[in-house]
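Undergrad: I would like the atomic coordinates for the input below:
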Amino acid sequence: MSSQDRERPALLCVPFAGAGPSFFHPWRALSAGRWRLVPVELPGRERRIMETPYRNVVEAAKNSVDDVVADLGEGTRTVLFGHSLGAVLAYELVHLLSTRDVRIDRLVVSGSPGPWTQRERRATGLPDEEFLARVEEFAGFRHEALDHPEMRELILPVLQADCEMHENYVPSTDERVSVPICSIRGGSDGLVGAEQAQEWRSATTGDFSYTEFPGDHMYLVDHAREVLDLIEAESAFGRGRQGDDEHG
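TA: Take a look at the predicted model:
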């Protein structure tokens, strides 16, 4: 990696349930050199397809943080973005990264209630067909790969593990982070209400902002460019006030 790449701020993207790093690959072109895009690679998908997926968010964060630090590089200014499951995983990573030599500008959480709120309706433990119907209902769409038996056989166990770790998530600490938090949701998201999305205000001692985009729970599929523009605006807004030595 060139020194120029190292000097650019990083956007660390944490995937939602069932997704892998490739979801964020189009964001590289859309970000147009504003950041070095760094997707978190979790076991059970894409290049790590043969590895056993995690079933616990806190464990996933602890076991991923060394790789994340290595991918980011020492002293890199970093914004974390996570959608749904990715939001709570990113929150756990902020706690861990605050003790490492990574400068976190901001945490951007998407499609997620505050970290202390668990979903009332669950998919974990349902038989396969009912599980997929419930996840489809939650997400507002069905992934076409699930209609192909071979792909379904690969994807289903990861999706089930991801849903289990999301639905059973309990934060590792009650201590709030000190980095500013921006919460985003689709305006017609039937899974996460506006009040729930604004619960993140209580998760930080820093600034908090809240934005809605048109769409449902998976609004970001159609609004990637707008999300990136918002992240840039929010991060530039917070940069001048963010101390270099803050810890979460």
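Undergrad: C-alpha only now, for contacts and for neighbours.
TA: Will do.
Undergrad: Give the buried residues for stretch 217-237.
TA: 217-220, 224-225, 227-228, 230-232, 234-235 (16 or more other C-alpha atoms under 10 Å).
Undergrad: And for stretch 104-123?
TA: Within stretch 104-123, the residues that count as buried by 16+ other C-alpha under 10 Å are 104-115, 122-123.
Undergrad: quick check, nearest of the buried residues of stretch 217-237 to D207?
TA: Comparing the buried residues of stretch 217-237 against D207 with C-alpha to C-alpha places E234 closest, at 10.4 Å.
Undergrad: pretty sure A145 is touching M151, no?
TA: Yes: using C-alpha atoms under 8 Å, A145 is in contact with M151, at 5.8 Å.
Undergrad: Let me know the secondary structure of W116.
TA: Following DSSP: H, G, I helix; E, B strand; the rest coil, W116 is assigned to coil.
Undergrad: should've said E41
TA: Of the three states, E41 takes coil under three-state DSSP.
Undergrad: pretty sure Y210 is in a strand, no?
TA: Yes: using three-state DSSP, the assignment for Y210 is a strand.
Undergrad: Identify the residue nearest it in space, chain neighbours excluded?
TA: S183 (4.8 Å; C-alpha to C-alpha, 6 or more residues apart in numbering).
Undergrad: who does that neighbour bridge with?
TA: V109, Y210 (DSSP bridges).
Undergrad: where do the helices sit along the protein?
TA: 3-7, 25-31, 57-72, 85-97, 128-139, 149-167, 194-197, 224-239 (DSSP state H).
Undergrad: ok, L80 to L132 distance?
TA: 29 Å (C-alpha to C-alpha, to the nearest Å).
Undergrad: Settle it for me: which of those two has more neighbours?
TA: More crowded of L80 and L132, by other C-alpha atoms under 10 Å: L80, with 25 against 19.
Undergrad: Next up, the contacts around that one.
TA: L11, L12, C13, V14, A90, V94, I104, R106, L107, V108 (C-alpha atoms under 8 Å, 6 or more residues apart in numbering).
Undergrad: repeat that with 10 Å
TA: Residues in contact with L80 (C-alpha atoms under 10 Å, 6 or more residues apart in numbering) are 10-14, 38-39, 86-87, 90-91, 93-94, 104-109, 181, 231.
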